[in-house]
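Sequence plus the predicted model coming up.
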Amino acid sequence: MNTESNYRGDEIYSIQCTGDAVVGDDVCFERATFDGSFRKPKFAGFEKIAGKIIKDSYGKEKQQHTFTLHLVDNSIICIKGRNLYREGTWRKPWEDESKRQIQLDEKHERGKEARRERSERRLHSSY
């Protein structure tokens, strides 16, 4: 099976959303897997993951974006945004893309607020 054509040209996950995934998106992405010990890991390849984003948040301290996904096998995972986006993220189209845009605008607003709060904390702390 050619992962590249299924991944980037797939009619199901046809919209590239790297950096802009939102709650409600059905996404597909790849992440690296490793074998061996913790001290000497060996790259084992990539695994393809598909699921629906059911929650996102920005961490209080570092404003790291974290997503909770409900996977197709009915398991739930939490993943940092930097790891979700690392190899590229693709999504299914929404029935009503204007509803997705509302989610996206709200997410961007929360991100701005989180960065502002972090900036204020840094300004008033004794680094």
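Okay, I see it. Residues are numbered from 1 along each chain as shown.

Tell me which strands the strand of greatest length in the chain pairs with, and in which orientation.
Assignment by DSSP state E gives strand 41-58 as the longest strand of the chain. With DSSP bridges as the test, strand 41-58 is paired with strand 26-36 (antiparallel), strand 65-71 (antiparallel).

Check the offset of the first one from the chain's centre.
Pointing back at strand 26-36 there. How far strand 26-36 lies from its chain's middle: 12 Å, per C-alpha atoms, centre = their mean, to the nearest Å.

And stretch 110-125, by the same measure?
Distance, centroid of stretch 110-125 to centroid of chain: 22 Å (C-alpha atoms, centre = their mean).

For that stretch, which outside residues touch it?
58, 62-63, 65 (C-beta atoms under 8 Å, 6 or more residues apart in numbering). Where C-beta positions appear, they are placed from N, C-alpha and C, glycine not excepted.

Kindly reformat those as a markdown table containing pLDDT.
A markdown table is the format used below for those (pLDDT from 0 to 100):
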| residue | pLDDT |
| --- | --- |
| 58 | 82 |
| 62 | 71 |
| 63 | 72 |
| 65 | 87 |
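
mind giving me a markdown table with those and columns for neighbour count and distance to residue 120?
Formatted as a markdown table, those follow (neighbours: other C-beta atoms under 10 Å; distance: C-beta to C-beta, whole Å):
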| residue | neighbour count | distance to residue 120 |
| --- | --- | --- |
| 58 | 19 | 15 |
| 62 | 9 | 14 |
| 63 | 17 | 12 |
| 65 | 21 | 19 |
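
So which of these is the closest to residue 101?
The nearest member of the contacts of stretch 110-125 to residue 101, counting by C-beta to C-beta, is residue 65 at 18.5 Å.

Would you agree the closest one is in contact with residue 78?
No. With contacts counted by C-beta atoms under 8 Å, residue 65 stays clear of residue 78, the gap being 11.2 Å.

coming back round to it: out of the contacts of stretch 110-125, which one sits closest to residue 99?
Nearest to residue 99 among the contacts of stretch 110-125 is residue 65, at 20.7 Å by C-beta to C-beta.
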